[in-house]
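Participant: Test case, fold it:
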Amino acid sequence: MTLRSALRSSVFFVVVVVALLLVGCTSSTSSGVSADSTAAATATTVSETSPPDPAAPVDVEKMKGTRSVAQKIEDASTETQVKQALVRTSSLRVFPFRPTVIKGHLVLRGDVNTPDQYRMAERIAGRVEGVTAVTNRLTMGGRPVTEARLNADDESSAQENAAVYHTVRQGDTLWDIARKYRASVEQIRNLNDFRSSNLRPGQRIRVR
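Facilitator: This next block holds a predicted model:
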């Protein structure tokens, strides 16, 4: 092999090595960008589906400092009416609601136990005279509320509240049946519209 041929072979080898290195770097960079983009997209999705912070101020609340004394008195009066409406509802009166009204816009805060109470409070507060809009910032069991959580708790409540029946056997009494199903005699009476405690074998009664 001549010197010229050897040099050509060496140059060709170097060019091939450099080309392979460049391809490898480009692939790594693309993978890094792709991974970063995926991570960013994931972060955005998590952020968008996160429940709102119940304590975070709503845009309308930023107007509070611009309200005149007369307007603040009017807002406070509406807040009092909202509290009174909620207290008049027996299933809601035990909860410490904190309504804020600004220019007819109600921001409702507090904590309830069930989806029904969450929706009922919003519905009742929204009917109060002077309330034109409602932003519901209630928590449920101390946790922020999302639509997914409401639906999940609705399904759970439906399963718990499904009707349960018992077929009366010889010797059964209302007290025995109530104890078996962890109910009360009065509850069973009301569910079946009983006027007496007399039962017949084979009778099907609702216990829950």
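Participant: for the helix or strand residue 117 falls within, packing partners?
Facilitator: Secondary structure from DSSP states H and E places residue 117 in helix 115-126. Taking 3 or more C-beta pairs under 8 Å, 6 or more residues apart in numbering; DSSP states H and E as contact, the helices and strands that helix 115-126 lies on are helix 69-87, strand 105-109, strand 133-136, strand 139-140, helix 147-160. To be clear about C-beta, it is placed using only N, CA and C from the backbone, and glycine gets the same treatment.
Participant: how about the ones you listed, which one is nearest residue 60?
Facilitator: Evaluated over the helices and strands packed on helix 115-126, closeness to residue 60 peaks at strand 105-109, with 4.5 Å, by C-beta to C-beta.
Participant: List the contacts of the helix holding residue 117.
Facilitator: For helix 115-126, contacts defined as C-beta atoms under 8 Å, 6 or more residues apart in numbering pick out 82, 85-86, 89, 91-92, 95, 97, 99, 106, 108, 110, 112, 131, 134, 136, 138, 140, 145, 150, 153-154, 157.
Participant: quick one, what contacts residue 185?
Facilitator: 174, 175, 178, 197.
Participant: Recalculate using a threshold of 10 Å.
Facilitator: 173, 174, 175, 176, 177, 178, 179, 194, 197 (C-beta atoms under 10 Å, 6 or more residues apart in numbering).
Participant: now the contacts of helix 115-126: which count as buried?
Facilitator: Among those, those buried by neighbour count (16 or more other C-beta atoms under 10 Å) are 82, 85-86, 92, 95, 97, 99, 106, 108, 110, 112, 131, 134, 136, 138, 140, 145, 150, 153.
Participant: show me where pLDDT drops low in this structure?
Facilitator: 1-52, 152-162 (pLDDT under 70).
Participant: what's the distance between residue 64 and residue 76?
Facilitator: 11 Å (C-beta to C-beta, to the nearest Å).
Participant: which residues do the two both contact?
Facilitator: Taking C-beta under 10 Å, 6+ apart as the criterion, residue 64 and residue 76 both touch 100, 101.
Participant: Neighbour count for those two, which is higher?
Facilitator: residue 64 (15 against 12; other C-beta atoms under 10 Å).
Participant: any idea how far residue 74 lies from residue 126?
Facilitator: Counting by C-beta to C-beta, the gap from residue 74 to residue 126 is 18 Å.
Participant: ok so, going back, just the buried residues out of the contacts of residue 185, in PyMOL syntax.
Facilitator: Restricted to buried positions by 16+ other C-beta under 10 Å, the PyMOL selection for the contacts of residue 185 reads:
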select buried, resi 174+177+178
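Participant: Dump the contacts of residue 185 into TSV; add secondary structure and distance to residue 70 as well.
Facilitator: Formatted as TSV, those follow (DSSP: H, G, I helix; E, B strand; the rest coil; distance: C-beta to C-beta, whole Å):
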residue	secondary structure	distance to residue 70
173	coil	66
174	helix	62
175	helix	63
176	helix	66
177	helix	63
178	helix	59
179	helix	62
194	coil	59
197	coil	63
